[in-house]
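Novice: Here is the input, now give the coordinates:
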Amino acid sequence: MRYLVILAFLLSACSSVPSEKCQEADWYEIGRRDGALGTPLDQKNLEIPGLCHNSNEKFNEDLYINGRNAGLVEYCQPNNGFELGREGGNYRSVCPPEVEQKFLESYRRGQKVRKLQEANQDIDRKISSLYQQLNQNASAPNDTNAIDSQLLQLRSLKARNNQQMRSLEQAVN
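Specialist: Alright, predicted model coming up:
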């Protein structure tokens, strides 16, 4: 989610460059920021030419591409892939082939952590519901034993999920 907010801010900032300021734009820095956010090149190709539509100046594509490539070095780090996957972000196939495999491995680990976190939230809801049942059925010992057994199973499952998450996080570091 954080990436989407930052991306929206940068895109709005870039599209608000007045045409008279086009010649003063730091195309390398704009490209670097876009690369650091994992913005696909085709998306930027559609937006950048419009920045200077009322100007005699054109955006400097070479500076932009060089900056974007520098930004991709930041973006394509395994730790970033892990965070992107854990936050539910979409990878848009922007990393160069020589680093993409490690990025994707970490991204997939992050996705697994996200699923485990969601599973734990579901477990917490079930545990809460079972506690409510216990409070309502305080006088039925057979029901209490069955609920206690279910609680034990759910806590055990949550502990295994937590251990898996720690292992996945350690694999990235």
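Novice: tell me which element the closest residue in space to Arg109 that isn't next to it in sequence falls in.
Specialist: Spatial nearest neighbour of Arg109, chain neighbours left out: Leu168 (4.6 Å); criterion: Cβ to Cβ, 6 or more residues apart in numbering. Backbone N, C-alpha and C define where each C-beta goes, glycine included. Leu168 belongs to helix 141-172 when assigned by DSSP states H and E.
Novice: now that helix: how far from the chain's centre is it?
Specialist: Chain-centre distance of helix 141-172: 26 Å, with Cα atoms, centre = their mean, to the nearest Å.
Novice: Please name every helix or strand in contact with it.
Specialist: Secondary-structure packing of helix 141-172 (3 or more Cβ pairs under 8 Å, 6 or more residues apart in numbering; DSSP states H and E): helix 78-86, helix 97-136.
Novice: and the direction of the longest one versus that of helix 141-172, what angle?
Specialist: Relative orientation of helix 97-136 versus helix 141-172 (axes from the mean of the first three to the mean of the last three Cα atoms, to 10 degrees): 160 degrees.
Novice: Excluding covalently adjacent residues, which one is nearest to the residue nearest to the spatial centre of the chain?
Specialist: In the chain, the residue lying closest to the centroid (Cα atoms, centre = their mean) is Leu84, at 2.4 Å. Excluding the flanking residues, the one nearest Leu84 by Cβ to Cβ, 6+ apart is Tyr107, at 5.8 Å.
Novice: Do you know the pLDDT at the one you found?
Specialist: On the pLDDT scale, Tyr107 is placed at 97.
Novice: Where does pLDDT dip in this structure?
Specialist: Counting by pLDDT under 70, the chain has low-confidence residues at 1-23, 43-59, 137-141, 173.
Novice: Kindly recompute the last result at 90.
Specialist: For the chain, the stretches with pLDDT under 90 are 1-27, 30, 40-64, 133-146, 171-173.
Novice: Using the record's domain definitions, break it down for me.
Specialist: Under the assignment automatic domain parsing, the domains of the chain span 2-75, 111-172.
Novice: one step back: my guess is the residue nearest to Leu84 contacts Glu83. True?
Specialist: No: using Cβ atoms under 8 Å as the test, Tyr107 is too far from Glu83 to be in contact (9.0 Å).
Novice: ok, the residue nearest to the centre of the chain to Met165 distance?
Specialist: 16 Å (Cβ to Cβ, to the nearest Å).
Novice: buried residues in the helix holding Leu168?
Specialist: Across helix 141-172, burial judged by 16 or more other Cβ atoms under 10 Å covers 147, 154, 158, 161, 165, 168, 172.
Novice: Make JSON lines from these and add distance to Ile30 to it.
Specialist: Shown next, in JSON lines, are the buried residues of helix 141-172 (distance: Cβ to Cβ, whole Å):
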{"residue": "Ile147", "distance to Ile30": "59"}
{"residue": "Leu154", "distance to Ile30": "50"}
{"residue": "Lys158", "distance to Ile30": "45"}
{"residue": "Asn161", "distance to Ile30": "42"}
{"residue": "Met165", "distance to Ile30": "37"}
{"residue": "Leu168", "distance to Ile30": "35"}
{"residue": "Val172", "distance to Ile30": "30"}
